[in-house]
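J.: coords please:
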Amino acid sequence: MMATQALYKKILLQHYRQPHHKCEGSLDDADVVRRGANPRCGDEIEVGLYLDAQRLRQVVFRGRGCSICIASSSMMTDAVLGRSITDARDLCAHMHQWFQQGDGADLAAPPADLQALSAVRAYPARRRCVLLPWDALAEALDSL
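T.: All right, here's what the predicted structure looks like:
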């Protein structure tokens, strides 16, 4: 288990240092943009969605935050890219349930590409850092 946790932490650090789908410019051309903030950590994230019919053609984020928030944003964009709006909503709901239950929960783990986030589940104070981009994504999806 310790080796798995070390691997998960390494993956999170890689996503923090080289985030996927991070936008440095404007999101004015996105179909929908939603923002989330966590004053405790100083995290501020915007999530932009680009749609192709009922699919997420492109998902980007911009902003600043702690390593966990940025890593979660990066992993989230990877996980929902190309999904249908319905599938993305379902994954958001699953991630919220999975994190709110904490360690030892009976709920099935998320897809393999998101399991590194389990390294944070044991730290309730950091769950908000993980879920902030997911909240912004959920709000964006709900606005469609």
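J.: In the chain, where is pLDDT below threshold?
T.: Under the criterion pLDDT under 70, the flagged ranges of the chain are 1, 102-106.
J.: what are the ranges of the strands in it?
T.: Taking DSSP state E as the test, the strands found in the chain are 32-38, 43-52, 55-64.
J.: and the second one, what other elements does it pack with?
T.: Using 3 or more Cβ pairs under 8 Å, 6 or more residues apart in numbering; DSSP states H and E, the elements in contact with strand 43-52 are strand 32-38, strand 55-64, helix 67-80, helix 127-142. Heads up, the C-betas are built off the backbone N, CA and C, glycines and all.
J.: among the ones you listed, which is the most enclosed?
T.: Comparing those by mean neighbour count (mean count of other Cβ atoms under 10 Å), helix 67-80 comes out on top with a mean of 24.
J.: which outside residues touch stretch 129-137?
T.: The contact list for stretch 129-137 (Cβ atoms under 8 Å, 6 or more residues apart in numbering) reads 34-38, 41, 43, 45-47, 49, 59, 61, 65-66, 68-69, 72-73, 76, 80, 88, 92, 95-96, 99, 117, 120.
J.: ok so, going back, reformat the helices and strands packed on strand 43-52 as TSV; add distance to A6.
T.: Output for those, formatted as TSV (distance: least, Cβ to Cβ, whole Å):
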stretch	distance to A6
strand 32-38	26
strand 55-64	26
helix 67-80	15
helix 127-142	18
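J.: Which stretch among those approaches Q5 most closely?
T.: Ranking the helices and strands packed on strand 43-52 by proximity to Q5 (Cβ to Cβ) places helix 67-80 first, at 14.2 Å.
J.: Tell me who's in contact with the nearest residue to H94 once chain neighbours are set aside.
T.: Nearest residue to H94, sequence neighbours excluded (Cβ to Cβ, 6 or more residues apart in numbering): P110, at 6.0 Å. Applying Cβ under 8 Å, 6+ apart to P110 gives the contacts A79, L91, H94, M95, W98, L117.
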